[in-house]
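Chemist: pasting the sequence and the predicted coordinates here, then a few questions.
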Amino acid sequence: MNARAGVWFVCLVAAAACSHEPAEGPHLPPLRGDHQDVIREMNDQVISEHYELEAPSQFRFAVPEEGRVASWHWEPHVDGRPHALGYRHGWCVEYWFTPDYEGYPEQPESYRMAFFADGALRGIFVPGSRTAPLEADKWDEIWVDPNWVRRRTPAAAPR
């Protein structure tokens, strides 16, 4: 095959690859209809654990998208044991909010992401440092559902 024919062959293969539907990821149930209210309530609840709010925060939301978050956010920390590499798949809802802290001047808008899986809010995150490979630190947790631990601890080996 000469060089010109090779270029055409590569173009033909690339065009054929682009015409196929993308591979489907895990099937996700629809996002709950009241997800924005759930986010508002939990976001302000987390803030009120550290600060007094004069009034509820103001919010604006992006369109929810299917996404993933590193699974280690829901694993217990055990000294000397590394976290398993993996992801939790669900709905990512990016949002911006402006808190109204009691006794503080007007605040700038802040950015966060809410993660829903198995029909419930499972975490609220801010952007991470993004220095680890495979998106392991794409997000830093503000709050995660401590009861949503899906990783099973392997049974102890017989002695």
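Modeler: Great, that's in hand.

Chemist: paired strands for the longest strand seen in the chain, with orientation please.
Modeler: The single longest strand within the chain, with elements called by DSSP state E, is strand 87-101. Strand 87-101 pairs in its sheet with strand 53-61 (antiparallel), strand 65-70 (antiparallel), strand 110-117 (antiparallel), by DSSP bridges.

Chemist: run through who's touching the second one.
Modeler: Defining contact as Cβ atoms under 8 Å, 6 or more residues apart in numbering, one finds that strand 65-70 is touched by 25, 28, 86-92, 115, 123, 125, 135-139. The C-beta positions use only the backbone N, C-alpha and C, and glycine is treated the same way.

Chemist: apply 7 Å and report the result again.
Modeler: Contacts to strand 65-70, defined as Cβ atoms under 7 Å, 6 or more residues apart in numbering, come from residues 25, 28, 87-89, 91-92, 115, 123, 125, 135-136, 139.

Chemist: ok, back up a step: output the longest strand of the chain as PDB, nothing but the C-alphas.
Modeler: Included here for strand 87-101 are C-alpha records, laid out as PDB according to Å, rounded to 0.1, in the frame of the first residue of the first chain:
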ATOM      1  CA  TYR A  87     -15.600   5.000  40.800                       C
ATOM      2  CA  ARG A  88     -19.200   5.500  41.800                       C
ATOM      3  CA  HIS A  89     -21.400   6.300  38.900                       C
ATOM      4  CA  GLY A  90     -24.400   8.600  39.200                       C
ATOM      5  CA  TRP A  91     -25.800  12.100  38.400                       C
ATOM      6  CA  CYS A  92     -23.500  15.100  38.700                       C
ATOM      7  CA  VAL A  93     -25.300  18.400  39.300                       C
ATOM      8  CA  GLU A  94     -22.900  21.400  39.100                       C
ATOM      9  CA  TYR A  95     -24.200  24.500  40.900                       C
ATOM     10  CA  TRP A  96     -23.300  27.900  42.100                       C
ATOM     11  CA  PHE A  97     -24.500  29.500  45.300                       C
ATOM     12  CA  THR A  98     -24.200  32.700  47.200                       C
ATOM     13  CA  PRO A  99     -24.400  32.400  51.000                       C
ATOM     14  CA  ASP A 100     -25.800  35.100  53.200                       C
ATOM     15  CA  TYR A 101     -23.700  34.700  56.400                       C
END
